[in-house]
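Q: Can you look at this prediction? I've put the sequence above it.
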Amino acid sequence: MAVKKIKEGIFEVGAPHYDRELFDELIPLPDGTTYNAYLIRTDGETILLDTVDPVKTERLMKNLDALDVENIDYLISHHAEQDHSGSIPAVLDKYPEAKVLTNKKCKGMLIDHLEIPEDKFQVVEDGEEMTIGDKTFKFMDMPWVHWPETMVTYLEEDKILFSCDFFGSHLAVSNLFVKDKKKAYLSAKRYYAEIMMPFRTPIKGHLERIDDMEIDIIATSHGPIYDEPEFILDAYKEWVSDTAKPEVVVPYVSMHGSTDKMVEHFVDHLTEQDFKVMPFNLTTTDLGELAMALVDASTVVIGTPTVLAGPHPKAVNAAYLANALRPKMKFASIIGSYGWGGRMPQTIKDLLKSFNGEFIEPVIARGHPSEDDFKSLEELADKIIKMNDGSEGVEG
Ligand code: FEO
């Protein structure tokens, strides 16, 4: 049993998953994750907020037993993704009187994904306040963090925002509240980069909506929770802002060394001028680290050789990711090599279709880079530095 008390009558009853390695069979989880669920006792009723991934149902049930929960009146479901909703059917089997409180869209998705019967639901509206016993619950729709149906709950008397995925981190630690701020910051940034970054625009609106609320605790559904909400609110405000940092991210791959030499020369030239550059060898890099670098960087330069008339598949993957994550980057370019032909640069450009910044002329070498190619790389680096300097939307 590992129930954690937040305040009188308010408990965390979810489950850590220390050894989970991947999410969505895609996102690496170097620190595992947690599925936080919360139990609130008012002066008469019992309310469960979210559940856990189905692989951890037993743990949730043990936690409820440890608190001698004999009856659940309401089960608030913020998000239909199964890491929070997947144990709802088991909870409803054990506590058949529980009403599932959620918005209309989430209700539909819970029926679709989990076949929960229609009569189990009570739909709540955006902004609705509901008094249950001596506590007031305010429900707020927060679509696109990161699914379209997500909502959050504000517990007014205790000033706790139950934010579900919003502000979360894939970080399995035994402490309830954030202790190691540096680690928590990096984990939350990784989570933002991989999951929330494509939705920067709606997230900005959500941050504005909660800006004047009195919040003492942000209780997320992943990772340690925040008893200093400004810590994570300030971080999010910076990440979603339109202002990029003068930094160059270089995801690259090389087969026979030509692209490798070009990347090295390009990176060295930037470094000599004290301009921040972050190369990522795509054969070994953790894509989460690459995504984190994309949160702030003004510039991305993809390095790739030509394979079967196009970019190396690992560079295709990186370009696809950079396009899908919709970072705030302002400038992009390509460096690389070819043996006898192909349309590698155009294929990369086509992949970056959501990028609406400025493309800088690529530097492409035929075979081993020549002295002229190395000079062109220096010119590309100089141009990037100049374009960043004083550019609107890039930090000065
Ligand atoms: Fe943690 Fe979107 O589920």
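A: Thanks, I have it.
Q: Average pLDDT for the top helix by length along the chain, rounded please.
A: Identified as the longest helix of the chain according to DSSP state H is helix 371-388. Here helix 371-388 scores 98 as its mean pLDDT.
Q: Repeat that for stretch 258-277.
A: In this model, stretch 258-277 has an average pLDDT of 98.
Q: Show me what counts as buried in it.
A: Neighbour counts over stretch 258-277 (16 or more other C-beta atoms under 10 Å) mark 258-267, 269-270, 275-277 as buried. Where you see a C-beta, it was placed from the backbone N, CA and C, and this is true even at glycine.
Q: So which residues lie in contact with that stretch, not counting its own?
A: Applying C-beta atoms under 8 Å, 6 or more residues apart in numbering, the contact partners of stretch 258-277 are 245-250, 252-254, 279, 301, 303-305, 335-337, 363, 365, 367-369, 373-374, 377-378, 380-382, 384-385, 388.
Q: What about the nearest residue to Asn36 once chain neighbours are set aside, how many residues nearby?
A: Nearest non-adjacent residue to Asn36, counting by C-beta to C-beta, 6 or more residues apart in numbering: Gly14, 4.3 Å away. By the criterion of other C-beta atoms under 10 Å, Gly14 has 28 neighbours.
Q: isn't Gly14 right up against Val52?
A: Yes: at 5.1 Å, Gly14 counts as touching Val52 under the criterion of C-beta atoms under 8 Å.
Q: shared neighbours of these two, anything?
A: Between them, Gly14 and Val52 share the contacting residues Tyr35, Ala37, Arg59, Leu60, judged by C-beta under 8 Å, 6+ apart.
Q: Before we move on, what's the pLDDT of the second one?
A: With respect to pLDDT, Ala37 scores 98.
Q: do the one 10 residues further on as well
A: According to the predicted model, the pLDDT of Ile47 comes to 98.
Q: so does the one helix or strand it maps to get close to the ligand?
A: In the assignment (DSSP states H and E), Ile47 maps to strand 46-49. No: judged by C-beta under 6 Å from any ligand atom, strand 46-49 and the ligand are separated, with a smallest distance of 13.5 Å.
Q: ok, back up a step: helices - which of the buried residues of stretch 258-277 land there?
A: Secondary structure from DSSP H places Ser258, Thr259, Asp260, Lys261, Met262, Val263, Glu264, His265, Phe266, Val267, His269, Leu270 of these in helices.
Q: before we move on, back to that, just the contacts of stretch 258-277 that are near the ligand?
A: Of those, not one also sits near the ligand (C-beta under 6 Å from any ligand atom).
Q: now could you export just the CA positions of the helix or strand in which Pro251 is found as CSV?
A: Using DSSP H and E, Pro251 maps to strand 245-252. Taking Å, rounded to 0.1, in the frame of the first residue of the first chain, the C-alpha atoms of strand 245-252 are listed here in CSV:
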residue,chain,number,x,y,z
LYS,A,245,16.7,31.0,-28.2
PRO,A,246,19.7,31.6,-30.5
GLU,A,247,20.6,27.9,-30.6
VAL,A,248,21.3,25.5,-33.5
VAL,A,249,20.1,21.9,-33.3
VAL,A,250,21.8,19.5,-35.7
PRO,A,251,20.3,16.0,-36.0
TYR,A,252,22.5,14.1,-38.3
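Q: Name the residues that touch stretch 149-159?
A: With C-beta under 8 Å, 6+ apart, stretch 149-159 has contacts from 7, 10, 40, 49, 76, 78-80, 102-103, 105-106, 108-109, 124, 126, 129, 134-144, 160-166, 213-217.
Q: And for stretch 85-95?
A: 48, 50-54, 56-57, 60-61, 69, 71-72, 75, 77, 79, 98, 100, 110, 113-116, 120.
Q: of those, buried ones?
A: By 16+ other C-beta under 10 Å, the contacts of stretch 85-95 give 48, 50-54, 56-57, 60-61, 69, 72, 75, 77, 79, 98, 100, 110, 114, 116, 120 as buried.
Q: Could you report the pLDDT at the residue in the stretch 1-150 of the chain positioned nearest to the ligand?
A: The nearest approach of the stretch 1-150 of the chain to the ligand comes at Glu81, 3.7 Å away (C-beta to the nearest ligand atom). In this prediction, Glu81 carries a pLDDT score of 97.
Q: And for Ile210?
A: Ile210 is given a pLDDT of 98.
Q: what do you get for Met1?
A: For Met1, the model assigns a pLDDT of 53.
Q: got it, and Gly341?
A: Reported pLDDT for Gly341: 86.
Q: re the thing from before, buried subset of the contacts of stretch 149-159?
A: 10, 40, 49, 76, 78-80, 102-103, 105-106, 108-109, 124, 135, 137-144, 160-166, 215, 217.
Q: Can you flag which of these belong to strands?
A: Counting by DSSP state E, the buried ones among the contacts of stretch 149-159 place 10, 40, 49, 76, 102, 135, 137-141, 160-164, 217 in strands.
Q: And the helices in the chain?
A: 57-66, 82-85, 88-94, 104-114, 181-191, 200-210, 229-240, 258-272, 287-296, 313-325, 344-351, 371-388.
Q: Contacts only, for the residue nearest to Thr34 when sequence neighbours are not counted.
A: Nearest residue to Thr34, sequence neighbours excluded (C-beta to C-beta, 6+ apart): Pro16, at 4.6 Å. Applying C-beta under 8 Å, 6+ apart, one finds that Pro16 lies in contact with Ala2, Gly32, Thr33, Thr34, Ala172, Val173, Ser174.
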